[in-house]
Structures are given as structure tokens and as C-alpha cells.
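I'd like to go over a predicted model; first the sequence, then the structure.
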Amino acid sequence: MSVETVVEPGSKHNIKAARQAYYDKISKFHMTPLWEVLKDLVTPEPKTSLKPALWKFADVKRLMMEAGEVITAEEAERRVLVLENPGMPGKSRITNSLFSGIQLILPGEIADVHRHVSSAIRFVLEGEGAYTAVEGEKSQMKHGDFIITANWAPHDHGNPGKQPVMWLDVLDMPTVNHFEASFAEHFDEKMQKTDHEDGDSFERYASGVLPDGMPAMTNRSPVINYPYAKMRPILTRLKDTGDIDKRHGARVRYANPINGGPVLPTMGAYLALLPKGFAGEPYRSTDGTIFACAEGHGTTIIDGKPFEWGVNDVFVIPPWKRYSHNAASESVLFSISDRPAQEALGLWREGN
Ligand SMILES: [Fe+2]
């Protein structure tokens, strides 16, 4: 090969071809060049294929009730419509780490007791008369209640009432499956025995005292249900004294009363009151966040686009996308994300 041919335009092609031949050769040994993918692996800022999205409750309810006609809760095991992020269709997830769905239980139905490694939370949207039984406590489900089902906790649902009941489910399934650490188990009986009455764990653990001699429970909260009726007045107290964050509003974090930590190691949740006319300052963080509106209506600008929400609407903000809340009337937003997991790993960042 002469010097002239090396500097000719064709030489680039030759280098490319030589590299490709080399890549083909090493691929037979299950090796691949890092330098071809490094820029996509170590990005200067978070990169996501997730999209912001909003589910209007009117649509969700109509379609959910249709599901009630085509399948029973028993046949489905859990009658849930997955809220799938439009940026990741077919992946059964709303963010990379979290699953989210809407569950419906009709009067007279039960959803059998089972347990799994994935932790779950329920945020009750509409209807009354259903219960979730977790670890021996039978918890009545009311609008705005926040119910946790920790890793491996037996749980079943039932609706002896007269109304269809719908709630938001959020589970860390994609995180568990990322680690390929999933286990699940069914029981012979349909319902677990419940000897703890409604509200027992809240009264027992979240009243400023703790049962003496109880085992340390630091990676999850012992409280099963954080009732909206107990949380909502705290938001009003914060608002009335002006304790309103310029980005998040008057906000409380659902906490483990044993150590003040998150309710679950993989998921953390908040409840925020936005006063009427609230115009939030821009915010972003590395935890993709799911919101559900418990009261009021308003607009959240996500990555420059407005998303209008009302009662029981659900929306999602991808990681590191800038957003700001605006409330047209006094509003309450529930939110949940994988922040505790990111914090435990030293990954979590926030900005404006
Ligand atoms: Fe479950």
C-alpha cells in the first residue's frame, strides 16, 4: 500500500472496514469494543426514553368498568390495567423502575391472598366498601388512603360493599426483575385471617409511642394504612402557617415512624397541598415521579408542555425532566417514586 492511498478519501472506509472485521472477530469470543458505546453509557446528564404522560380518570374509569364485564377479579387474579409509559410500550412499566396500574374490585368480589418479593402501595381513588388485608390487618379503603404492602407481606383484597372500588397500584416489580430476584407464592385459603382491626398499625406505631420491646423494623414502615382523614388536616396546618415549599407546596413525606425513613426501601411517597393560584417554581430530580390528584385541578408544565389534571387523574414525570405545578383551585397531589432506592445507592440528584 502506497502513502498516497492512505491519505485518499477511501482510507477512512478502509479503517472502518478493518475495525468492523476486528469487531466481528472478537464478537465470536463474546467481546465488544467499549469505545463504540461509551458515550451512550456514561452520559453527562440523565438520558431517558420515557415520556411524560397523563391518564384522565374519566377514560380510566370507563375502560376499567368495561374490564369488569370481560373478566372477574378471580379469573384475573388481580383486575388491573397497566399504565404503560408511552415511551416504553410493552414493558409493563410507568418508569424504568416502577410498575403502575389501576385496579378495580366490584361488589362481592375478592382478590385471593398471595405474597411476592415486590413491594406495593395502593392510593385509593374512587368508591368505598372495599378492604385490603395486609399482614393480619384488615384496612378499609377510602379515597386518598395510602396503603403499603411490604416485600413478602401476604395481602388480599375484597369488596363486601355496594360500590365498585378503584385504586392506583404502584409496585417495584421492574426493580426486582432488574435484579432477577422475583419470588411469589399463593396460599390454599382465599383470604388471610385478620385479627388486627382497621387502623391498628397506625394507632400502634404512628402515635408518638412505640410498643416496648418490638423488633427493630428499619427498612420498611410497620404502618399499613396512612388514612387520608389523618393526613389531610396536617396539610392544612402547614398551609395555614405558611410552610409552603415554592416548588412542592405544603408537603408531607410518608415516613416510617421507627426511624423517620421512607415507608419502603424501594419507594417513597409524598402528599402535597397546592393553595389556589399556586404557581410552583421549576424543579427536576433523577427519580421519575408518578402523581395522582386527590383534590382540585390544575396544570403541570412538564418539559415545556402543559398537562391538565383533575381529581383521580394520574400523570408521570420522567427522570430529570423539568416541571412546575400550577393550581387553579386548592389541590392535593399524591406522588411516589424510587427516590429511597436512588438515595441508598448515592445516585439521587435534584435541581431546578
Ligand atoms: Fe399482590
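Here it is on my side, so go on. Numbering: from 1, shown residues only.

might you list the low-confidence residue ranges for the stretch 251-352 of the chain?
Judged against pLDDT under 70, the stretch 251-352 of the chain has no low-scoring part.

which parts of it are strands?
With strands called from DSSP state E, counting those that start in this stretch, the stretch 251-352 of the chain shows them at 268-274, 284-285, 289-295, 298-302, 305-309, 314-317, 323-327, 331-337, 350-351.

rebuild these as a markdown table, extending it with mean neighbour count.
For glycine as for every other residue, the C-beta is placed from the backbone atoms N, C-alpha and C. Output for those, formatted as a markdown table (neighbours: other Cβ atoms under 10 Å):
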| stretch | mean neighbour count |
| --- | --- |
| strand 268-274 | 25 |
| strand 284-285 | 22 |
| strand 289-295 | 23 |
| strand 298-302 | 20 |
| strand 305-309 | 16 |
| strand 314-317 | 25 |
| strand 323-327 | 21 |
| strand 331-337 | 24 |
| strand 350-351 | 12 |
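
tell me the secondary structure for residue 50?
coil (DSSP: H, G, I helix; E, B strand; the rest coil).

about what we covered before: now the strands of the stretch 251-352 of the chain in JSON lines, with distance to residue 156?
As requested, the strands of the stretch 251-352 of the chain are exported to JSON lines (distance: least, Cβ to Cβ, whole Å):
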{"stretch": "strand 268-274", "distance to residue 156": "22"}
{"stretch": "strand 284-285", "distance to residue 156": "35"}
{"stretch": "strand 289-295", "distance to residue 156": "23"}
{"stretch": "strand 298-302", "distance to residue 156": "35"}
{"stretch": "strand 305-309", "distance to residue 156": "31"}
{"stretch": "strand 314-317", "distance to residue 156": "24"}
{"stretch": "strand 323-327", "distance to residue 156": "36"}
{"stretch": "strand 331-337", "distance to residue 156": "22"}
{"stretch": "strand 350-351", "distance to residue 156": "38"}
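
among those, which is nearest residue 217?
strand 268-274 (16.4 Å; Cβ to Cβ).

quick one: residues in contact with that closest one.
Applying Cβ atoms under 8 Å, 6 or more residues apart in numbering, the external contacts of strand 268-274 come out as 121, 146, 231, 235-236, 238-239, 248-254, 262-263, 280, 294, 296, 298, 325, 327, 330-340.

so what pairs up with residue 100 in the strands?
residue 170 (DSSP bridges).

the helices in the stretch 151-300 of the chain, which residues?
173-178, 200-205, 228-240 (DSSP state H, counting those that start in this stretch).

show me what counts as buried in the second one.
Within helix 200-205, the residues scored as buried using 16 or more other Cβ atoms under 10 Å are 200, 201, 202, 204, 205.

the longest one too?
Along helix 228-240, the positions that meet the burial threshold by neighbour count (16+ other Cβ under 10 Å) are 228, 231, 235, 238, 239.

ok, what's across the strand from residue 323?
Applying DSSP bridges, one finds that residue 323 bridges with residue 283, residue 302.

what of residue 309?
residue 298.

about what we covered before: now the helices of the stretch 151-300 of the chain in CSV, with mean pLDDT?
CSV is the format used below for these (pLDDT from 0 to 100):
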stretch, mean pLDDT
helix 173-178, 98
helix 200-205, 96
helix 228-240, 98
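
okay if I get those helices as CSV plus distance to residue 50?
Shown next, in CSV, are those (distance: least, Cβ to Cβ, whole Å):
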stretch, distance to residue 50
helix 173-178, 12
helix 200-205, 34
helix 228-240, 28
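
closest one to residue 51 among those?
Of the helices of the stretch 151-300 of the chain, nearest to residue 51 by Cβ to Cβ is helix 173-178, at 16.2 Å.

picking that back up, nearest to residue 135 among the strands of the stretch 251-352 of the chain would be which one?
Closest approach to residue 135 among those is made by strand 268-274 (18.8 Å; Cβ to Cβ).

strand partners of that closest one, parallel vs antiparallel please.
Here, using DSSP bridges, strand 268-274 pairs with strand 250-253 (antiparallel), strand 331-337 (antiparallel).

could you dump the last one to CSV, C-alpha only?
Included here for strand 331-337 are C-alpha records, laid out as CSV according to Å, rounded to 0.1, in the frame of the first residue of the first chain:
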residue,chain,number,x,y,z
SER,A,331,-55.4,20.9,45.2
VAL,A,332,-53.8,17.9,46.8
LEU,A,333,-51.3,15.8,44.9
PHE,A,334,-50.0,12.4,45.9
SER,A,335,-46.6,11.4,44.5
ILE,A,336,-44.4,8.4,44.5
SER,A,337,-41.0,7.5,43.1
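
state the number of residues packed around residue 328.
Residues contacting residue 328 under the criterion other Cβ atoms under 10 Å number 16.

tell me who's in contact with it.
276, 277, 296, 297, 298, 299.
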